[in-house]
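Chemist: no FASTA, just this:
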């Protein structure tokens, strides 16, 4: 009976899709929401033999950083995430508090563009049949209608429902009492320099460049309206992690562009 039902459902794409939405939201997202206060739980990569803890921040070279924790060579195909799964936890234990804890942040404007290009364009090029946002929030971001529509949908999502690729970096790295959860916050824009000291001190592997998207200049994805929308959405990220200069540069770039046109 169950086998017949499965066969019937698979022949009905709309029913199958709706069941996927229901399963994702009620059995995955809601579970995390109850346990962790958000549908995305934190991911700490804990490396006991190095006595380091890495707080994973998606779309901020996380695949590349994770690859430095293991000895074997890893291809650029997302497999690194499963290879470090045994090191992954949503918390670190009392005895691990003395470990060196670090993470990296990225310009929120550039990060959002990278998220869009990666999850709609790059993953399709890699041949992924099921894309990252297919089941997310009942298909709210399922269709690719261009970056501007994607952006305008994202800014309406409260952070407790946000996907990890565009969730607030501040809320990831700081707790509810505004205390930083790590000892060091590096910048994606200075990745080689900021990571080199950690790499040398803890004898980590070489840092490859994984999951590289083929996006153009991230500034060209914006106009003055959408730039302001993203600033309002990620004000804490921009102010605390010091991306105000990049925001002003974006506004100047867009003003000059509109005057030229």
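Modeler: Arrived safely, thanks for sending. These numbers come from a predicted model, not from an experiment. Residues are numbered from 1 along each chain as shown.

Chemist: going forward, measure contacts and count neighbours with C-alpha atoms only.
Modeler: Will do.

Chemist: distance between stretch 53-68 and the chain's centre?
Modeler: Chain-centre distance of stretch 53-68: 10 Å, with Cα atoms, centre = their mean, to the nearest Å.

Chemist: now swap in stretch 68-78 and tell me
Modeler: Distance, centroid of stretch 68-78 to centroid of chain: 19 Å (Cα atoms, centre = their mean).

Chemist: all helices for the stretch 51-200 of the chain, in order.
Modeler: For the stretch 51-200 of the chain, the helices defined by DSSP state H, counting those that start in this stretch occupy 62-67, 79-83, 108-116, 123-125, 147-154, 169-173, 191-201.

Chemist: how about CSV for those, with mean neighbour count, mean pLDDT and distance to residue 98 added?
Modeler: Below are the helices of the stretch 51-200 of the chain laid out as CSV (neighbours: other Cα atoms under 10 Å; pLDDT from 0 to 100; distance: least, Cα to Cα, whole Å):
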stretch, mean neighbour count, mean pLDDT, distance to residue 98
helix 62-67, 22, 93, 20
helix 79-83, 15, 83, 25
helix 108-116, 21, 97, 30
helix 123-125, 14, 85, 38
helix 147-154, 16, 98, 37
helix 169-173, 19, 98, 17
helix 191-201, 14, 95, 16
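
Chemist: TSV for these, including distance to residue 254?
Modeler: Compiled in TSV, the helices of the stretch 51-200 of the chain are given as follows (distance: least, Cα to Cα, whole Å):
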stretch	distance to residue 254
helix 62-67	30
helix 79-83	37
helix 108-116	13
helix 123-125	29
helix 147-154	15
helix 169-173	25
helix 191-201	27
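
Chemist: So what are the sheet partners of the longest strand along the chain and their directions?
Modeler: In the chain, with assignment by DSSP state E, the single longest strand is strand 100-105. Under the criterion DSSP bridges, strand 100-105 sits next to strand 52-55 (parallel), strand 184-187 (parallel) in its sheet.

Chemist: Sort out which residues of the first one are buried, please.
Modeler: Looking back up the chat, that one is strand 52-55. Neighbour-count burial for strand 52-55 flags 52-55 (criterion: 16 or more other Cα atoms under 10 Å).

Chemist: circling back: how about the strands paired with strand 100-105 in TSV, adding distance to residue 226?
Modeler: Listed next are the strands paired with strand 100-105 as TSV, based on distance: least, Cα to Cα, whole Å:
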stretch	distance to residue 226
strand 52-55	29
strand 184-187	24
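
Chemist: what's in contact with stretch 165-180?
Modeler: For stretch 165-180, contacts defined as Cα atoms under 8 Å, 6 or more residues apart in numbering pick out 42, 55, 57-59, 105, 111-112, 115, 154, 159, 181-182, 234, 236-237, 240.

Chemist: Would you write out the PyMOL command that picks the buried residues out of those residues?
Modeler: The command below creates a PyMOL selection of those among these that count as buried (16+ other Cα under 10 Å):
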select buried, resi 42+55+57+58+59+105+111+112+115+154+159+182+234+236+237
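
Chemist: For the longest strand of the chain, give the mean pLDDT please.
Modeler: Per-residue pLDDT over strand 100-105 has a mean of 98.
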